[in-house]
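K.L.:
What follows is a predicted protein model with its sequence.
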Amino acid sequence: MDETHPPSEAEHQVRVADGTTLVELRGELDIVTAPSLTARLDELTAGGRPDVLLDLRRVSFIDCTGLGVLCRARNRVLARWGRLRLISDDPGFLRLLRHARLADVFDIHAGPWGAFGAGLSPGAPPPNSCSMSGGAAGEQQEG
């Protein structure tokens, strides 16, 4: 079977309000889109104490590479004493996080109202670390 698929694309829109960077993602977050999204998230988390809110409600597909992008962003944010919150109410995505044993690693909210109102202070990470076997999800040490 010879099927032609359009290239997958993860679109994003960035807004900043009261020191919080809101990144609204749309489309697929996979091995094809991960490099460009990783580069953009690296830019957004480069400063001290980044406060990033990733809205995943319009993400239609995420694979293990996409999970790696999320883990990398989380690790970068926490290394800079910041915070990363995810917005998703998708049962499939939440199940994926549970199966990957990442559900307790991320600060997850069903909508932006809860995430903006969350009383977590920057630099207060959830107790678990974010890494996947083989180290693919973690960030390489800088230096």
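P.N.:
In hand now; what should we look at?
K.L.:
Summarise which helices and strands the longest helix seen in the chain is packed against.
P.N.:
Ranked by number of residues, the top helix in the chain under DSSP state H is helix 64-79. Packing partners of helix 64-79 (3 or more Cβ pairs under 8 Å, 6 or more residues apart in numbering; DSSP states H and E): strand 20-29, helix 34-44, strand 51-62, strand 83-87. Any C-beta I mention is one placed from the backbone N, CA and C, and that applies to glycine too.
K.L.:
how does it look with 7 Å?
P.N.:
helix 34-44, strand 83-87 (3 or more Cβ pairs under 7 Å, 6 or more residues apart in numbering; DSSP states H and E).
K.L.:
Buried ones in it, by neighbour count?
P.N.:
65-78 (16 or more other Cβ atoms under 10 Å).
K.L.:
what's the answer for stretch 81-89, then?
P.N.:
So for stretch 81-89, counting by 16+ other Cβ under 10 Å, buried means 82-88.
K.L.:
and that stretch, how far from the chain's centre?
P.N.:
7 Å (Cα atoms, centre = their mean, to the nearest Å).
K.L.:
what's the first-to-last distance across that stretch?
P.N.:
By Cα to Cα, to the nearest Å, the extent of stretch 81-89 from end to end equals 26 Å.
K.L.:
got it, and stretch 93-108?
P.N.:
Per Cα to Cα, stretch 93-108 runs 11 Å from first to last residue.
K.L.:
Report the rounded mean pLDDT for it.
P.N.:
For stretch 93-108, mean pLDDT is 95.
K.L.:
Val69 against Ser36, yeah?
P.N.:
No: here Val69 lies out of contact with Ser36, judged by Cβ atoms under 7 Å, at a distance of 10.1 Å.
K.L.:
quick one: contacts of stretch 79-87?
P.N.:
45, 48-57, 73-74, 77, 106-109, 111-112, 115, 118, 120, 122-123 (Cβ atoms under 7 Å, 6 or more residues apart in numbering).
K.L.:
Derive a ChimeraX selection command for the buried subset of those residues.
P.N.:
Those of the contacts of stretch 79-87 that count as buried under 16+ other Cβ under 10 Å are selected in ChimeraX with:
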select :45,50,51,52,53,54,55,56,57,73,74,77,106,107,108,109,112,115,122
